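Engineer: this is a predicted model, with the sequence first.
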Amino acid sequence: STRSTLSNIVQNSAMLKLSPSDGPEWTQEQLAALTHFVNCHGSDNSPVWVGERRITIGGTEKRFFPKAVIAEKLDRKIDMGAIVAAECCYGGQLYDPRGQHAPICNTYLANGAAAFCGSSTIAYGQAVGQSAADYLTQHFMVNLLDGKTVGQAMELARQTFIAGNSMQGVNLKTIAQFSVFGDASVRPVAGTAASAKALATMSDDEFEVSQMLQLQEELVAEGLSLADRVAIALFDGTLAIDDIIIGQLEAMALSEGLTDIVRLSTEMEPPPIMAKSSSATVKEVYHHIFGAIDGDGEYGMAVLTVLERDNKLVSKEICYRK
């Protein structure tokens with residue numbers, strides 16, 4: 001999925017580094033790029049991100065997780081103004097650094113990064129395709145590279161994500177857990193505003209303020225529109241699920257190799273705009289089956305999301321712990 005994400009952000013993946021083989025002894029020259037996108041595994045209260053390698057031993061596939069990024073090895077190697085997006089679990093977690101190095105997020109900012117987007121908890125995404133954390137982080141980077149301020153880039157990323165994805169449980173979690181750190185008013189990349197300014201008869205400061213106010217108005221209008229037209233999952237704990245459906249869900253989870261499963265089912269609340277319509281709404285329920293993948297330890301977690309529509313299971317998607 002990382003190659004796809006890089007292609008969406010910068011139109012190619014030629015600069016992609018892979019762990020293992022690359023890292024964690026990154027040189028200053030390797031880290032000199034001003035755009036950093038990271039898709040590794042992260043852990044709770046840890047200043048280390050790890051890569052992944054799959055090896056077949058005795059007919060059984062095993063996964064190994066070598067260190068890829070170590071916070072203290074980034075010190076004095078990050079160029080001023082760098083922008084960073086990390087899909088990693090706990091990539092944006094802030095913890096008490098006493099007894100160990102500060103989080104990677106803080107390390108980037110302390111060394112001059114202009115913006116850091118990361119998750120405070122466990123994040124999910126597909127192994128091959130795109131979903132959840134993949135989408136939100138790449139939207140953020142695309143917006144920054146288009147000349148948006150740090151705050152605008154994150155707000156627009158959230159709105160794009162909401163408009164393009166069902167607001168079921170995993171996606172709601174993604175919206176809540178990813179934050180941006182840095183000065184929200186900073187514009188790290190010049191973007192294309194200069195060409196528009198050539199047509200304006202105002203000072204640089206006046207033009208900047210005008211552009212920011214215009215986009216802010218657009219963001220507010222789009223936010224209000226999304227609130228009116230987007231269905232959102234309900235978490236009220238009273239949803240009854242048919243035993244036959246539960247059996248089918250458990251069989252699906254087993255077929256994906258999940259064990260020690262926990263199920264969370266939520267019904268989608270029709271958007272307010274539907275309440276104004278006389279059209280009948282279709283009942284939609286999203287079932288999230290969280291489980292472990294045998295033998296993969298801490299990083300062996302996944303969530304299988306299954307859509308039920310009018311008492312029939314119609315689609316499924318599996319995402320893995322970042």
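Structural biologist: Received it, and whenever you're ready, just let me know what you need.
Engineer: when you work out contacts or count neighbours from here on, use the C-alpha atoms and nothing else.
Structural biologist: Noted.
Engineer: hang on, residue 188 packs against residue 144?
Structural biologist: Yes. When contacts are counted by Cα atoms under 8 Å, residue 188 is listed as touching residue 144 (7.1 Å).
Engineer: neighbour count winner among the two?
Structural biologist: residue 144 (25 against 20; other Cα atoms under 10 Å).
Engineer: quick one, helices of the chain?
Structural biologist: Using DSSP state H, the helices of the chain run over 2-10, 104-110, 133-145, 150-164, 169-177, 193-197, 204-229, 243-255, 272-275.
Engineer: pull out the buried residues from the fifth one.
Structural biologist: If I follow you right, that is helix 169-177. Going by neighbour count (16 or more other Cα atoms under 10 Å), the buried part of helix 169-177 is 169-175, 177.
Engineer: any common contacting residues for residue 188 and residue 144?
Structural biologist: residue 150 (Cα atoms under 8 Å, 6 or more residues apart in numbering).
Engineer: and the residue nearest the centre of the protein?
Structural biologist: In the chain, the C-alpha nearest the mean C-alpha coordinate belongs to residue 133, at 2.2 Å (Cα atoms, centre = their mean).
Engineer: for that residue, give me its contacts.
Structural biologist: Listed by Cα under 8 Å, 6+ apart, the contact set of residue 133 reads 87, 123-125, 174.
Engineer: thinking again about what came up before, from the buried residues of helix 169-177, which is closest to residue 228?
Structural biologist: Of all the buried residues of helix 169-177, residue 228 sits closest to residue 172, with 16.4 Å by Cα to Cα.
Engineer: of the buried residues of helix 169-177, which is the nearest to residue 76?
Structural biologist: Among those, and counting by Cα to Cα, the member closest to residue 76 is residue 177, at 28.4 Å.
Engineer: distance-wise, check the closest one relative to residue 90.
Structural biologist: Separation of residue 177 from residue 90 (Cα to Cα, to the nearest Å) stands at 9 Å.
Engineer: kindly report the same for residue 56.
Structural biologist: Taking Cα to Cα, one finds residue 56 at 29 Å from residue 90.
Engineer: who has more neighbours out of these two?
Structural biologist: With neighbours defined as other Cα under 10 Å, residue 56 and residue 90 compare such that residue 90 has more, 28 against 9.
Engineer: low pLDDT regions in the stretch 51-200 of the chain?
Structural biologist: Across the stretch 51-200 of the chain, residues meeting the criterion (pLDDT under 70) sit at 191-200.
Engineer: what's around residue 46, how many residues?
Structural biologist: The burial count for residue 46: 20, using other Cα under 10 Å.
Engineer: that one reaches residue 105, doesn't it?
Structural biologist: No. Using Cα under 8 Å, residue 46 makes no contact with residue 105, being 10.9 Å away.
Engineer: before we move on, back to that, ok, of the contacts of residue 133, which come out buried?
Structural biologist: Among these, those classed as buried by 16+ other Cα under 10 Å are 87, 123-125, 174.
Engineer: identify those among those that sit within strands.
Structural biologist: If you go by DSSP state E, these have 124-125 in strands.
Engineer: I'd like the buried ones among the contacts of residue 133 as TSV, with distance to residue 248 appended.
Structural biologist: As requested, the buried ones among the contacts of residue 133 are exported to TSV (distance: Cα to Cα, whole Å):
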residue	distance to residue 248
87	31
123	26
124	23
125	23
174	26
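Engineer: can you pull the pLDDT of residue 209?
Structural biologist: Residue 209 carries a pLDDT value of 81.
Engineer: any idea how far it lies from residue 203?
Structural biologist: Distance of residue 209 to residue 203, given as Cα to Cα: 10 Å.
Engineer: next, show the common contact partners of these two.
Structural biologist: Joint contacts of residue 209 and residue 203 (Cα under 8 Å, 6+ apart) do not exist.
Engineer: identify the residues contacting the longest strand anywhere in the chain?
Structural biologist: Counting by DSSP E, the longest strand found in the chain is strand 258-269. When contacts are defined by Cα under 8 Å, 6+ apart, strand 258-269 is touched by residues 168-169, 231-235, 239, 253, 283-294, 302.
Engineer: what residues are up against residue 43?
Structural biologist: Per Cα under 8 Å, 6+ apart, neighbours of residue 43: 49, 89-90.
Engineer: what pLDDT does it get?
Structural biologist: Looking at residue 43, the pLDDT reads 96.
Engineer: before we move on, what about residue 18?
Structural biologist: The model's pLDDT for residue 18 equals 93.
Engineer: chain neighbours aside, what residue packs nearest to it?
Structural biologist: Of all residues not flanking residue 18 in the chain, residue 51 sits nearest, at 7.6 Å (Cα to Cα, 6 or more residues apart in numbering).
Engineer: where's that neighbour relative to residue 40, distance?
Structural biologist: In terms of Cα to Cα, residue 51 sits 5 Å off from residue 40.
Engineer: who touches both of these two?
Structural biologist: Here residue 51 and residue 40 have residue 68 as joint contacts, going by Cα under 8 Å, 6+ apart.
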